[in-house]
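Colleague: Would you be able to build a 3D model of this:
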Amino acid sequence: MKIVKKLINFIIGMMLLVAVWQLVIVIGGYEEALFPSPQTVGQEIVSMVMDGSLFVHLQVSLGRFAAGYLLAVIPAILLGMLLGRMPRVWQIVDPVAQVLRPVSPVAWSPFIVLWFGIGNMPAIAIIFIAAFFPVLLTTVNGVKKIDQDYLKIAENMEIKQPQLMVKIIFPAAFPSIVSGLHLALGTAWIFLVAGEMVGAQSGLGYLIVDARNTLNLAGVLAGIVFIGLCGFILDRLIGLFELWVGRHWGISS
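Modeller: From the prediction side, this is the model:
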């Protein structure tokens, strides 16, 4: 029942969005060439699906995203759990992370393109930068906020590394970690599109640029729709992972 209810809410929300979209066009009196209607964009989406171009670009984007995201979050979680247990080291590392974190990954794009050339690697590198720091910082904060009673119990039970990390620290810090995963996913997905606009010849970002260069605004909006839907689905997959971990370790977040 919960799944059906969520699906109904999603459909209602999308219908309201389309209604507002159409209302803006009617009130603003925009021409089709300047602001395509939902019907025109829908026809463009069907065309992309039928000729297979959508799936080609979508597969490339998801592959790049998976590579960059996993390369970022796995070491960020491991490093964050270690640094969270070493406060003196973190006092040195924290200022460095805080200086690098606000820098937009796109700002590194001139160097990234020079180092990695054109292709998959620039987009993967941008995704890595976008996802790494949110997960690292939330993991460190989660470890630092662990109830000390858990650690005392582990000490009394003579639980040593790596069991301490796996059985005590990770489950206790997981609510903070999963918040970082959600934040990193949204940030990385946004910059994936930016990365594909800068140094790629395929993917959803390139799809938008290519449509823009041919003045196909319906194609631009179709690409935007797919980017939003994919981001929504990926975020829900993180939620499923959160539920799986909660059941596996008997925790809730």
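
Colleague: Figure out how far stretch 79-94 is from the centre of its chain.
Modeller: 25 Å (CA atoms, centre = their mean, to the nearest Å).

Colleague: Tell me how many other residues surround Leu207.
Modeller: Using other CB atoms under 10 Å, Leu207 is surrounded by 28 other residues. All C-beta atoms are positioned from the backbone trio N, CA, C, and that covers glycine.

Colleague: State the distance from it to Leu17.
Modeller: For Leu207, the distance to Leu17 equals 21 Å [CB to CB, to the nearest Å].

Colleague: got a pLDDT number for the residue positioned nearest the centre of the chain?
Modeller: Of all residues in the chain, the one closest to the mean position by CA atoms, centre = their mean is Leu185, 1.8 Å from it. With respect to pLDDT, Leu185 has a value of 90.

Colleague: which stretches of the stretch 151-253 of the chain have low pLDDT?
Modeller: 154-160, 198-200, 248-253 (pLDDT under 70).

Colleague: residue ranges of the helices in the stretch 1-150 of the chain, please?
Modeller: 2-28, 38-51, 53-84, 87-100, 109-116, 120-144, 148-156 (DSSP state H, counting those that start in this stretch).

Colleague: Give the rounded mean pLDDT of the fifth one.
Modeller: Just to be clear, that refers to helix 109-116. Mean predicted confidence for helix 109-116 is 81.

Colleague: And the first one, by the same measure?
Modeller: Taken as a whole, helix 2-28 has an average pLDDT of 85.

Colleague: Please apply the same query to the longest one.
Modeller: Predicted confidence along helix 53-84 averages 90 (mean pLDDT).

Colleague: what packs against it?
Modeller: For helix 53-84, the packing partners by 3 or more CB pairs under 8 Å, 6 or more residues apart in numbering; DSSP states H and E come out as helix 38-51, helix 87-100, helix 120-144, helix 170-199, helix 204-213, helix 217-249.

Colleague: Enumerate every residue touching Ile238.
Modeller: Ile238 is in contact with 178, 181-182, 185, counting by CB atoms under 8 Å, 6 or more residues apart in numbering.

Colleague: wait, which of those is closest to Phe35?
Modeller: Leu185 (29.7 Å; CB to CB).

Colleague: How much space separates Phe226 from Leu83?
Modeller: Phe226 is 37 Å from Leu83, by CB to CB.

Colleague: before we move on, the earlier item: Throw the helices and strands packed on helix 53-84 into a markdown table and include distance to Leu164, thanks.
Modeller: Converted to a markdown table, those look like this (distance: least, CB to CB, whole Å):
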| stretch | distance to Leu164 |
| --- | --- |
| helix 38-51 | 50 |
| helix 87-100 | 16 |
| helix 120-144 | 11 |
| helix 170-199 | 9 |
| helix 204-213 | 42 |
| helix 217-249 | 14 |
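
Colleague: what's the closest of the ones you listed to Ser61?
Modeller: helix 204-213 (4.6 Å).

Colleague: Can you tell me what sits against that closest one?
Modeller: Outside helix 204-213, the residues touching it (CB under 8 Å, 6+ apart) are 53-54, 57-58, 61, 123, 192-197, 200, 217-220, 222-224, 226-227, 230.

Colleague: now it, how far from the chain's geometric center?
Modeller: 20 Å.

Colleague: Number the residues from 293 up from this point.
Modeller: I'll keep to 293 as the first residue from here, and by that count the last item is helix 496-505.

Colleague: Report the inter-axis angle for it versus helix 345-376.
Modeller: 140 degrees (axes from the mean of the first three to the mean of the last three CA atoms, to 10 degrees).

Colleague: how close does Ile319 get to Ala359?
Modeller: Applying CB to CB to Ile319 and Ala359 gives a distance of 44 Å.

Colleague: Ok, Tyr322 next?
Modeller: 39 Å.
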